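Trainee: mind looking at a prediction? Sequence and model below.
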Amino acid sequence: MARVILHVDMDAFFASIEQRDHPELKGKPVIVGADPKGGKGRGVVSACSYEARKYGIHSAMPISYAYFRCPHAHFLPVDMKRYQEVSKRIMRILKRFTPAVEPVSIDEAFLDVTGSIRLFGSGMRIAFLIKEAIRKEEGLTASIGVAPNKLIAKIASSVSKPDGLLEVKPEKVKEFLAPLPIARLYGVGMKLEAKLLRMGIERVGELAKLSEEELTSLFGEMGRKLWEMAQGIDHSPVLPPGKPKSISHEVTFEEDISQKELIEKELLLIAERLARRLRRRGFQGRTITLKFRFPDFTTLTRSKTLSYPLDSAEEIYKEAKCLLSFIKKRRLTARLIGIGISKLEPREKRQLPLFEDKEEKLLEAEDKIADRFGDQAITRASLIDLLRKPPSNSRS
């Protein structure tokens, strides 16, 4: 029996919640993200309504660009707590129809409803019931793709937006894919798309005519994946969430910073936020990644995998600072800095010597204060000086 996979994708999620909660915004361009500050804002667009998209605005666009394209739009700050609450309720709706729900992000998820058909009806019937439940209970719309695998379900939901419902039956997969631009396939970014276009390959159907051997010889392992996708092959299962793959924290600055001490200070603050986030979720990790974005939006990353796991601000800061030294530029000027930790493992209580046990208790006390009063409530004194000196047990 062929699998029946659904991809549920909320339509303009953040912006739609704002329009729902503020009826005066319905039918108007709404942009959720950083403060544009009259076109001088430093952040990016987190989400935008379909009315705003008519002006060429999209998520991750610099907020200053969005302002110049549509200065009369309604610019709203991100209210992540509210969006997460709505997301949790929507995920609960999805789980009424199957326990096999794999959240992809706050506003989309895969469902394997193969085993639910005898109870609720066909995949299309289940998708319809989900759309109606979301509309009735949350006042929002979702687009849903129904297909024999995750690849096709996701593409089907995206091409049917907004408020769409599209089924691609197993025997129609190749016919469905053939006219689509190659950029619709996972992993086909601008560089790979440019290479394929130079080869005269614009559509998935044209890509599907090449053999697996030809594509592998041209693109290595990615060539094999390209061949599978062009044939509509995807065996990946729908996996309910387990532990996260990574945890990160990043900051976009109001003004570019270039002084070494300021960059190091921000790096330490980011390390503190990240360490606290790791401990709250009960993880530590072995791979640290530094993200550094320049004023021209050039973004560089550097990573290092250690033999031991990290979860303290001092350790994270030390390794991030080391990675920073490998970013070779004549002058370091930062628009954004971020640190991520991956290769996660559970954080376990350890039997520690007396001194280290006191350090552990201090960390726990810091976390309790931050949980109650916010991350700004407690920071290390003499930020950079402290880290430049030999380790001490001084905290504030």
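Mentor: Cool, got the structure. Everything quoted here is computed from the prediction, not taken from an experiment.
Trainee: buried residues in the longest helix along the chain?
Mentor: Taking DSSP state H as the criterion, the chain has its longest helix at helix 260-281. Neighbour-count burial for helix 260-281 flags 263-264, 266-279 (criterion: 16 or more other CB atoms under 10 Å). Where C-beta positions appear, they are placed from N, C-alpha and C, glycine not excepted.
Trainee: mind giving me the packing neighbours of it?
Mentor: Counting contacts by 3 or more CB pairs under 8 Å, 6 or more residues apart in numbering; DSSP states H and E, helix 260-281 is packed against strand 246-257, helix 313-324, strand 334-346, helix 354-373, helix 383-388.
Trainee: run through who's touching the first one.
Mentor: To tie it back to what came earlier, the one meant is strand 246-257. Strand 246-257 is touched from outside by 34, 42-44, 263, 266, 269-270, 273-274, 277-278, 281, 283, 285, 289, 291, 293, 295, 333-342, 344, with contacts defined as CB atoms under 8 Å, 6 or more residues apart in numbering.
Trainee: what subset of those is buried?
Mentor: When neighbours are counted using 16+ other CB under 10 Å, the contacts of strand 246-257 contain these buried positions: 34, 42-44, 263, 266, 269-270, 273-274, 277-278, 283, 285, 289, 291, 293, 333-342, 344.
Trainee: just to revisit the earlier point, rank the helices and strands packed on helix 260-281 by pLDDT, which is bottom?
Mentor: In terms of average pLDDT, helix 383-388 trails the rest of the helices and strands packed on helix 260-281, at a mean of 44.
Trainee: phi and psi next, for the most centrally placed residue in the chain.
Mentor: Against the mean C-alpha coordinate of the chain, by CA atoms, centre = their mean, the closest residue is S105 at 6.5 Å. The phi/psi pair for S105 (degrees, to the nearest 10) reads phi -160, psi -170.
Trainee: ok, what's across the strand from it?
Mentor: E108 (DSSP bridges).
Trainee: could you measure it against S64, distance?
Mentor: 25 Å (CB to CB, to the nearest Å).
Trainee: could I get the average pLDDT for the longest helix of the chain?
Mentor: The model assigns helix 260-281 a mean pLDDT of 91.
Trainee: got the angle for it vs strand 246-257?
Mentor: Counting by axes from the mean of the first three to the mean of the last three CA atoms, to 10 degrees, helix 260-281 lies at 160 degrees to strand 246-257.
Trainee: using CSV, write out every CA atom in helix 260-281.
Mentor: The C-alpha coordinates for helix 260-281 follow below in CSV (Å, rounded to 0.1, in the frame of the first residue of the first chain):
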residue,chain,number,x,y,z
LYS,A,260,37.5,44.5,18.8
GLU,A,261,36.4,44.9,22.4
LEU,A,262,32.8,45.6,21.4
ILE,A,263,32.8,42.5,19.1
GLU,A,264,34.2,40.4,21.9
LYS,A,265,31.7,41.8,24.4
GLU,A,266,28.8,40.9,22.1
LEU,A,267,30.3,37.5,21.6
LEU,A,268,30.3,36.9,25.3
LEU,A,269,26.7,38.1,25.7
ILE,A,270,25.6,35.8,22.9
ALA,A,271,27.5,32.9,24.5
GLU,A,272,25.7,33.6,27.8
ARG,A,273,22.3,33.5,26.2
LEU,A,274,23.2,30.3,24.3
ALA,A,275,24.6,28.6,27.4
ARG,A,276,21.4,29.4,29.3
ARG,A,277,19.3,28.1,26.5
LEU,A,278,21.2,24.9,26.4
ARG,A,279,20.9,24.3,30.1
ARG,A,280,17.2,25.1,30.1
ARG,A,281,16.6,22.4,27.5
